[in-house]
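Novice: Quick one, fold the following:
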Amino acid sequence: MDSVSDALASIPQSVQLAFAGLGALLVASKILSFLNLFLNVFVLSGTNLRKYGKKGTWAVVTGASDGLGKEFATQLAAKGFNLVLVSRTLSKLEALSQELEKKFAGLETKVLDMDFSADDDADYARLAKLITGLDIGILINNVGQSHSIAVPFLLTEQKELENIVTINCIGTLKVTQAVAPGMQARKRGLILTMGSFGGWMPTPYLATYSGSKAFLQHWSSALAAELKPSNVDVQLCLSYLVTTAMSKVRRASVMIPGPKPFVRAALGKVGLGGWQSMAYTYTPFWSHALMAWAVENTIGVGHRLGIWVNLKMEMDIRDRALKKAARNAKKE
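Specialist: You can find the predicted model right below:
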């Protein structure tokens with residue numbers, strides 16, 4: 001102990017003061033960051049959606065027939081936006097269209113059934129024709145696909161691999177290319193793309209999905225800088241698990257909200273991501289935001305410890321899913 005004390009005493013006072021100052025600055029920066037997080041998550045309201053158009057302005061929602069997409073459509077309709085609903089199953093789209101038009105007086109809807117995995121140019125041509133002349137203020141890039149089960153990359157079926165990349169990446173890019181020029185011309189609009197903690201922190205056993213969401217992260221932030229001079233806001237909305245068919249989680253909890261509270265937060269906190277390490281990104285749901293802040297301010301995004309935790313978690317999920325499938329096969 002004496003040797004340590006002697007060693008410390010031998011350090012020039014100016015150096016000691018410099019290190020103490022750096023430590024104080026580090027602590028102060030973390031405190032300010034947490035205060036920023038607290039204000040953004042619990043106090044402040046995000047951008048008023050009326051910035052993107054008056055009542056009757058149109059919103060395009062992809063993956064609209066189920067889960068988060070359906071909830072985005074419902075809440076946007078409640079806020080007075082007309083809707084272009086895009087998804088794979090026409091019957092579901094028509095049922096949602098009728099439900100919303102009955103519920104919200106004066107609401108107009110248009111539907112377009114397209115299979116994003118087909119990457120058919122004719123589908124995108126139909127979309128372009130459908131939205132011609134519409135004053136579109138909001139685009140919700142929600143369509144997406146994950147793996148049917150947590151799986152090592154080398155065991156991933158080629159069709160699943162291709163579908164994930166085609167739907168999540170190519171589909172999102174092509175829809176945005178169809179919608180964004182009108183926003184740029186009108187000098188207003190919001191392009192909100194659904195991200196994922198799976199793309200924010202690399203996730204083994206969901207490698208292709210994780211990579212596709214990481215792609216959207218960087219694409220979205222780059223596009224945001226391009227369109228900012230045109231007064232078009234581009235935001236990537238980060239989420240942990242939500243109780244949807246994609247997540248395969250049925251019971252809501254503090255960490256896993258249902259679609260309604262998550263979408264309420266997503267639409268209410270647009271633009272409030274100043275505490276995050278990636279620009280033009282926000283994590284709207286409070287428990288997800290606290291988790292993201294903790295990771296960013298301790299181990300850091302992309303650290304091998306975080307990747308290892310994800311690996312162990314997904315391996316456990318895969319083992320339980322395979323055991324359940326085996327039990328069901330025996331019953332048959």
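Novice: so how far is Glu71 from the nearest residue to Ile140 once chain neighbours are set aside?
Specialist: Excluding the flanking residues, the one nearest Ile140 by Cβ to Cβ, 6 or more residues apart in numbering is Val61, at 4.5 Å. The C-beta positions use only the backbone N, C-alpha and C, and glycine is treated the same way. Note on Val61: its distance to Glu71, by Cβ to Cβ, to the nearest Å, is 10 Å.
Novice: ok, now Cys169?
Specialist: From Cys169 to Glu71 the distance is 23 Å (Cβ to Cβ).
Novice: same question, Arg264
Specialist: 9 Å.
Novice: One more: Phe104?
Specialist: For Phe104 relative to Glu71 (Cβ to Cβ), the value is 14 Å.
Novice: who has more neighbours, the two?
Specialist: Higher neighbour count among Phe104 and Glu71: Glu71, with 24 against 18, using other Cβ atoms under 10 Å.
Novice: what's next to stretch 249-268, contact-wise?
Specialist: The contact list for stretch 249-268, computed with Cβ atoms under 8 Å, 6 or more residues apart in numbering, reads 45-46, 49, 67-68, 70-72, 75-76, 79, 192, 237, 239-244, 247, 284-288, 291.
Novice: how about it: buried residues?
Specialist: 252, 256-259, 262-263, 265-268 (16 or more other Cβ atoms under 10 Å).
Novice: Do I have it right that Gly274 meets Asn36?
Specialist: Yes. Counting by Cβ atoms under 8 Å, Gly274 touches Asn36, with 6.0 Å between them.
Novice: which of those two has more neighbours?
Specialist: A count of neighbours by other Cβ under 10 Å puts Asn36 above the other of Gly274 and Asn36, at 17 against 14.
Novice: In contact with the more buried one, which residues?
Specialist: 274-275 are the contacts of Asn36 under Cβ under 8 Å, 6+ apart.
Novice: One more: Ala289?
Specialist: Neighbours of Ala289 in contact, by Cβ under 8 Å, 6+ apart: 37, 40-41, 283.
Novice: And for Val242, the neighbour number?
Specialist: Neighbour tally, Val242, other Cβ under 10 Å: 24.
Novice: if we can go back for a sec, which elements pack onto the helix or strand where the residue nearest to Ile140 lies?
Specialist: Per DSSP states H and E: Val61 is located in strand 58-62. In terms of contacts (3 or more Cβ pairs under 8 Å, 6 or more residues apart in numbering; DSSP states H and E), strand 58-62 is packed against helix 67-78, strand 82-87, strand 136-141, helix 172-186.
Novice: Any idea which of these gets closest to Leu100?
Specialist: Among the helices and strands packed on strand 58-62, the nearest to Leu100 by Cβ to Cβ is helix 67-78 (4.9 Å).
Novice: List the contacts of that closest one.
Specialist: By Cβ under 8 Å, 6+ apart, the residues outside helix 67-78 that reach it are 49, 59, 61-64, 83, 85, 87, 96, 100, 103-104, 107, 138, 140, 142-143, 194, 242, 244-246, 259-260, 262-264, 266-267.
Novice: Only the buried residues of stretch 283-296, if you could.
Specialist: Residues of stretch 283-296 classed as buried by neighbour count (16+ other Cβ under 10 Å): 283-286, 288-290, 292-293, 295-296.
Novice: what distance separates the helix or strand harbouring Met291 from the centre of its chain?
Specialist: Of the helices and strands defined by DSSP H and E, Met291 is found in helix 286-296. Mean-position distance between helix 286-296 and its chain equals 14 Å (Cα atoms, centre = their mean, to the nearest Å).
Novice: after it, next one along is what?
Specialist: helix 304-331.
Novice: okay, the angle between that next one and helix 286-296?
Specialist: 130 degrees (axes from the mean of the first three to the mean of the last three Cα atoms, to 10 degrees).
Novice: Would you mind listing the buried residues in helix 304-331?
Specialist: 306-307, 310-311, 314, 318.
Novice: Which two of these have the greatest separation?
Specialist: Gly306 and Arg318 (18.7 Å).
Novice: could you measure Ser253 against Ser287, distance?
Specialist: Ser253 is 9 Å from Ser287, by Cβ to Cβ.
Novice: what bits of this protein have low per-residue confidence?
Specialist: 1-9, 15-16, 19 (pLDDT under 70).
Novice: So what sits opposite the closest residue to Leu112 other than its chain neighbours in the bridge?
Specialist: Spatially, and ignoring its direct neighbours in sequence, Leu112 is nearest to Val86 (4.8 Å; Cβ to Cβ, 6+ apart). Listed beta-bridge partners, Val86: Thr62, Leu112 (assigned using DSSP bridges).
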